[in-house]
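> Quick check, what structure comes out for this input:
(one chain, ligands or ions: 1)
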Amino acid sequence: MPVKRKSRGRSKGSKGRSGYVQCSMCGRLVPADKAKKITRRRPIVDPALAKELEKKGAFVMYRTETRYYCVSCAVYHGIVKIRSEEERKMRPRRRRIRPRLPRPEKRKPAIELPLGIYSSEIPIGAERTKQKPSHA
Ligand SMILES: [Zn+2]
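Coordinates of the predicted model:
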């Protein structure tokens, strides 16, 4: 039987049934191996605020968000694209984009944060000398 895709649009292989997941757009039940799984890093705070805070040198917490999409929603929202016969035969290349940290000398100087938290610029010895006079 001629098939459009070698995998028949799934990553199931020869295994039997697989569980179902719900599409996060339309709520449709899709086989787990057929659904498009998208994992993104999202800042806990407002994205615009997170960008601003990172500019200032603060540490911003991120959480990973996993979403499943059915094929129709994935195509509609541009997560996957309809490919030609030749394109379908090509093996996909995985590219991982890693955020690059600037080199220590290029990093911005530490700043004082609210709530009495200091960046790591202050040496430990300096703090101790401050505490000693109060005890004596
Ligand atoms: Zn959907």
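> any idea which helix or strand carries the most centrally placed residue in the chain?
Note on the chain: the residue nearest the mean C-alpha position is R41, at 2.5 Å, using CA atoms, centre = their mean. Element membership for R41 (DSSP states H and E) is strand 36-43.
> For that strand, name the packing helices and strands.
Applying 3 or more CB pairs under 8 Å, 6 or more residues apart in numbering; DSSP states H and E, we find strand 36-43 packed against strand 62-69. C-betas here are computed from N, CA, C, even on glycine.
> if you skip the residues just before and after it, what's nearest to K4?
Nearest residue to K4, sequence neighbours excluded (CB to CB, 6 or more residues apart in numbering): R88, at 7.5 Å.
> count of residues packed around the one you found?
R88 sits with 12 neighbouring residues when counted by other CB atoms under 10 Å.
> Now do the contacts for the residue nearest to the residue nearest to the centre of the chain when sequence neighbours are not counted.
Excluding the flanking residues, the one nearest R41 by CB to CB, 6+ apart is Y62, at 4.5 Å. Neighbour list for Y62: R41, R42, P43, I44 [criterion: CB atoms under 8 Å, 6 or more residues apart in numbering].
> so what's Y62 bridging to?
Beta-bridge partners recorded for Y62 (DSSP bridges): P43.
> do the same with K36
K36 forms beta bridges with Y69, as assigned by DSSP bridges.
> before we move on, back to that, buried residues in the strand holding R41?
Buried positions in strand 36-43, judged by neighbour count with 16 or more other CB atoms under 10 Å: K36, P43.
> and it, average pLDDT?
Averaged over strand 36-43, pLDDT sits at 92.
> and if you look at stretch 8-19?
89.
> Determine how far the last residue of it lies from the first.
17 Å (CA to CA, to the nearest Å).
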